[in-house]
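A.B. asks: Got a sequence here, can you build the structure:
(one chain, ligands or ions: 1)
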Amino acid sequence: MPLIAWDETMSVGIRDLDEDHQNLVKALNRFFDGFSAGQDRKSLDRLLDALLEDTQEHFLREEKLFAATSYPDAAAHEKEHNDLLASGAKVRDALRDNYDATISLELANFLKDWLLHHIEDADKKYGVYMKACDEQ
Ligand SMILES: [Fe+2]
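C.D. replies: So this is what the prediction gives:
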């Protein structure tokens with residue numbers, strides 16, 4: 001069973017970014033499924049790396065949009081992105097040194113909660129702003 005499922009209530013109203021979020025959900029599920037199925041460390045490392053890389057690319061795409069539309073909450077939003085990437089990289093490095101299934105599960109649950117809250121609070125806020133910009 002996947003850790004997290006995409007549904008329409010998670011939409012931010014911008015197609016490309018919704019697709020990114022769906023891809024992040026898939027990448028997180030792949031990591032979760034990987035360690036649930038007892039995959040080897042190397043495969044898990046690759047899945048986690050792919051997840052963090054996709055996340056970083058997605059954040060950059062959002063941040064470009066903020067710059068292009070002079071989004072007023074850009075600084076606070078980007079701080080959330082940077083904090084997440086820093087914690088993600090820290091845990092990835094710790095797992096690389098010393099693989100631990102409990103830490104992997106904690107990380108997956110942390111990322112799931114982070115993603116759901118971030119989309120609900122921070123991302124939906126820019127969705128409303130971008131929509132208002134489009135209507136002007
Ligand atoms: Fe975001």
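A.B. asks: quick one, helices of the chain?
C.D. replies: Applying DSSP state H to the chain gives helices spanning 15-36, 41-69, 74-97, 101-117, 124-135.
A.B. asks: Which residues belonging to the second one are considered buried?
C.D. replies: Residues 44-45, 47-48, 51-52, 54-55, 58-59, 62-63, 65-66 are the ones in helix 41-69 that count as buried (16 or more other Cβ atoms under 10 Å). No exception for glycine: its C-beta is placed from N, CA and C like everyone else's.
A.B. asks: Same question for the last one.
C.D. replies: With burial defined by 16+ other Cβ under 10 Å, the residues of helix 124-135 counted as buried are Lys124, Lys125, Tyr126, Gly127, Tyr129, Met130.
A.B. asks: how close does the second one get to the ion?
C.D. replies: Going back to what we said before, that points to Lys125. Plainly put, Lys125 is 9 Å away from the ion if you go by Cβ to the ion, to the nearest Å.
A.B. asks: Over to Ala122?
C.D. replies: The gap separating Ala122 from the ion is 5 Å, by Cβ to the ion.
A.B. asks: cool, His58 as well?
C.D. replies: Here the criterion is Cβ to the ion. By it, His58 lies 8 Å from the ion.
A.B. asks: That residue is in contact with Ala27, isn't it?
C.D. replies: No. Assessed by Cβ atoms under 8 Å, His58 is found out of contact with Ala27, at 9.9 Å.
A.B. asks: Is the ion within reach of stretch 19-31?
C.D. replies: No. Judged by Cβ under 5 Å from the ion, stretch 19-31 and the ion are separated, with a smallest distance of 9.0 Å.
A.B. asks: which bits of the protein sit near the ion?
C.D. replies: So far as Cβ under 5 Å from the ion goes, the chain lies against the ion at Glu62, Asp123.
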